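Participant: Provide a 3D model corresponding to the input given below.
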Amino acid sequence: MDQVKHLADQPKEFLKEGTQFLNRCQKPDRREFIKISQAVAMGFIIMGTIGYFVKLIHIPVNNILVGGA
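Facilitator: Next up is the predicted model:
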């Protein structure tokens with residue numbers, strides 16, 4: 001019976017904690033938003049560059065292994 005009560009209390013507790021979290025959150029100011037946007041853009045550029053070079057290396061290696069189709 002305690003397990004059923006515990007399972008019933010979990011969604012209530014989750015909603016309570018979620019509401020508290022949202023009430024504490026605030027919108028970022030312009031300066032903070034720009035810094036976050038720059039960090040995300042740098043991440044995209046870095047990951048894109050890494051992916052490009054991996055693909056650039058993968059194509060010739062794959063052609064050598066497959067036999068030059």
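Participant: For the rest of this, base every contact and every neighbour count on C-alpha atoms.
Facilitator: OK.
Participant: Now the most centrally placed residue in the chain: which helix or strand?
Facilitator: The centroid of the chain falls nearest to Val40 when counting by Cα atoms, centre = their mean (10.5 Å). Assigned by DSSP states H and E, Val40 belongs to helix 30-66.
Participant: rewinding a little: gap between the residue nearest to the centre of the chain and Val54?
Facilitator: 21 Å (Cα to Cα, to the nearest Å).
Participant: do the same with Lys35
Facilitator: Taking Cα to Cα, one finds Lys35 at 29 Å from Val54.
Participant: same check, this time on Ile45
Facilitator: Here the distance between Ile45 and Val54 works out to 14 Å (Cα to Cα).
Participant: same thing with Arg24?
Facilitator: 42 Å.
Participant: ok, now Thr19?
Facilitator: Using Cα to Cα, we find Thr19 at a distance of 44 Å from Val54.
Participant: Can you list the low-confidence ranges for this structure?
Facilitator: 68-69 (pLDDT under 70).
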